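A.B. asks: here is my input, please return the structure:
(one chain, ligands or ions: 2)
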Amino acid sequence: MSDADILHAAKSRYAVGLMSGTSVDGIDAALVKIAGLPGTKVEVELVSFKNSPYPVRVRDEILALFDPEKATIDRVGRLNVWLGELFAEAALSVIAMSGLSPEDIAFIGSHGQTLYHSPEAENIDGYDLRYTVQIGEGAVIAARTGITCISDFRVADMAAGGQGAPLVPFTEYLLYGEEKRTLLLQNIGGIGNMTVIPAGCAAEDVFAFDTGPGNMLIDGVVTRLTHGAKTMDAGGVIARGGRPDSGLLSLLMQEPYYSRGLPKSTGRELFGTAYVDRLLNYQQEFGLTDADLVATVTRLSVRSIGDAYRRFVRDRYSADLLIVGGGGSYNPVLMEGLKQEMASLGVQVLSQEDLGFHSDAKEAMTFALLADYTLANRPNNLPGVTGAEKPVVMGKISLSNPGGDRERGAKT
Ligand SMILES: Nc1ncnc2c1ncn2[C@@H]1O[C@H](COP(=O)(O)OP(=O)(O)OP(=O)(O)O)[C@@H](O)[C@H]1O
Ligand SMILES: CC(=O)N[C@H]1[C@@H]2OC[C@@H](O2)[C@@H](O)[C@@H]1O[C@H](C)C(=O)O
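C.D. replies: Ligands and ions are numbered 1, 2, ... in the order given. From the prediction side, this is the model:
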């Protein structure tokens, strides 16, 4: 262990993690206290959490730029620094809320906003090209907060041949792994993603993948059916008033993504606007009410999670518990459906809240912890999860001043 490592391990440090997910519902900011040396057993405590919803104008611009036709270089460049400003404000705001000051914070880890994700390699002139675009300029965050910012994590994993996603399993393994129970951690954000942590396993044994749509189709359909008056099925109220259509559900489950082998990840490129257009056509074809359609896509999220467990997990590991996080855990119709679906497979379902954690904060906390590893120059990807050829150190560092200020947030 180097002198720097010993110093690092001896001190706990405050850090901020920032995340904006595929649902584009705002910026999640988590202020955490981290103790322990990266690469060994670290402890992370959530000090405060804040969601800062996007102003309508910003949300509309992000949604518009998901469409590659509209994402012209000037609009992407402008939004990159615009989001940098908003991420910086979100960080300062969660720091103020905690009663700490920016001088107390060692660093910020920021995921940014994904605009486009293309994890399958295209071979052009002999080069395997895979790419991903997260914006929210780290240099702006560092300049506005005066705190070193680590951002743009995914590209390093992709440069090593990985999918650049999912990244959360790395911290889930560190924070949740158990000796005796095999755990499934299911995030239901815009996209659904599952992490499998076998009982007593090593980091190499963890695997994870996107299960398919989480809330993305529910949000998409509700937004269209209500002409934008609603952007989600809050409390599952609409789905509760309808009935899932089994014929349409079977048809939707034929989507090839579900049977594609691991590693795999997906996003708006598949389950975005064009998919919602198709659902609205099916609504006519199958003669469904609005509520039936919402109930059907809600059930689709549930079914795709159960299906993923059957196809990719059950033969290798029998899971004891599925822990649900992300905004979908606040939808009771989704949760009841999932409890039923998983009970038939012998798996208990609990939410992060049932275990005393904070569903929304989990992803933001991840980026603080990943950034801690970046600064310690320790690998923070899981090749078994992303398909990368080797462990790499992900994250680009924007120093807040030429000398850096790593130590200033350290607390003995
Ligand atoms: N009270 C609620 N009732 C029903 N659904 C809810 C509720 N609160 C949040 N959601 C759903 O959760 C979504 C947001 O989830 P979350 O913040 O986990 O997504 P995300 O982090 O943007 O996505 P991803 O993890 O895919 O990047 C909302 O768009 C909505 O569909
Ligand atoms: C490219 C991208 O932004 N992917 C997100 C998305 O949202 C959920 C799922 O798809 C997951 O793969 C990922 O985010 C989390 C934070 C992850 O990398 O673990």
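
A.B. asks: buried residues in stretch 372-391, which are they?
C.D. replies: 372-376, 379-388, 391 (16 or more other C-beta atoms under 10 Å). The C-beta positions use only the backbone N, C-alpha and C, and glycine is treated the same way.

A.B. asks: can you tell me how far residue 132 is from residue 167?
C.D. replies: Using C-beta to C-beta, to the nearest Å, residue 132 is found at 11 Å from residue 167.

A.B. asks: what does this protein have sitting close to ligand 1?
C.D. replies: Proximity of the chain to ligand 1 (C-beta under 6 Å from any ligand atom) is limited to residues 21-23, 25, 187, 189-191, 214-215, 218-219, 232-236, 326-328, 330-331, 363.

A.B. asks: weed out the non-buried ones from those.
C.D. replies: Among those, those classed as buried by 16+ other C-beta under 10 Å are 21-23, 25, 187, 189-191, 214-215, 218-219, 232-233, 236, 326-328, 330-331, 363.

A.B. asks: contacting ligand 2 as well, which ones from these?
C.D. replies: Okay, of these touching ligand 2 (C-beta under 6 Å from any ligand atom), that's 21-22, 189-191, 363.

A.B. asks: what is the lowest-pLDDT residue among the residues you listed?
C.D. replies: Within those, residue 22 has the lowest pLDDT, namely 86.

A.B. asks: which SS class is that one?
C.D. replies: Under DSSP: H, G, I helix; E, B strand; the rest coil, the three-state class of residue 22 is coil.

A.B. asks: you'd agree it is up against residue 216?
C.D. replies: Yes. Assessed by C-beta atoms under 8 Å, residue 22 is found in contact with residue 216 at 6.5 Å.

A.B. asks: mutual contacts of those two, please.
C.D. replies: The contact sets of residue 22 and residue 216 overlap at 190-191, 268 (C-beta atoms under 8 Å, 6 or more residues apart in numbering).

A.B. asks: so which of these belong to strands?
C.D. replies: Among the shared contacts of residue 22 and residue 216, DSSP state E puts residue 191 in strands.

A.B. asks: higher neighbour count, residue 132 and residue 167?
C.D. replies: Taking neighbours as other C-beta atoms under 10 Å, residue 132 and residue 167 compare with residue 167 leading, 24 against 21.

A.B. asks: ok, that one touching residue 155?
C.D. replies: No. Judged on C-beta under 8 Å, residue 167 makes no contact with residue 155 at a distance of 11.6 Å.

A.B. asks: which neighbours do these two share?
C.D. replies: With C-beta under 8 Å, 6+ apart, residue 167 and residue 155 have common neighbours residue 394.

A.B. asks: where in the stretch 301-412 of the chain is pLDDT low?
C.D. replies: Counting by pLDDT under 70, the stretch 301-412 of the chain has low-confidence residues at 401-412.

A.B. asks: again with the chain
C.D. replies: Ranges of the chain meeting pLDDT under 70: 1-10, 401-412.

A.B. asks: show me where it has its strands.
C.D. replies: Applying DSSP E to the chain gives strands spanning 12-20, 27-35, 43-52, 105-124, 127-135, 149-151, 183-188, 191-197, 207-213, 321-325, 348-351, 396-398, 410-411.
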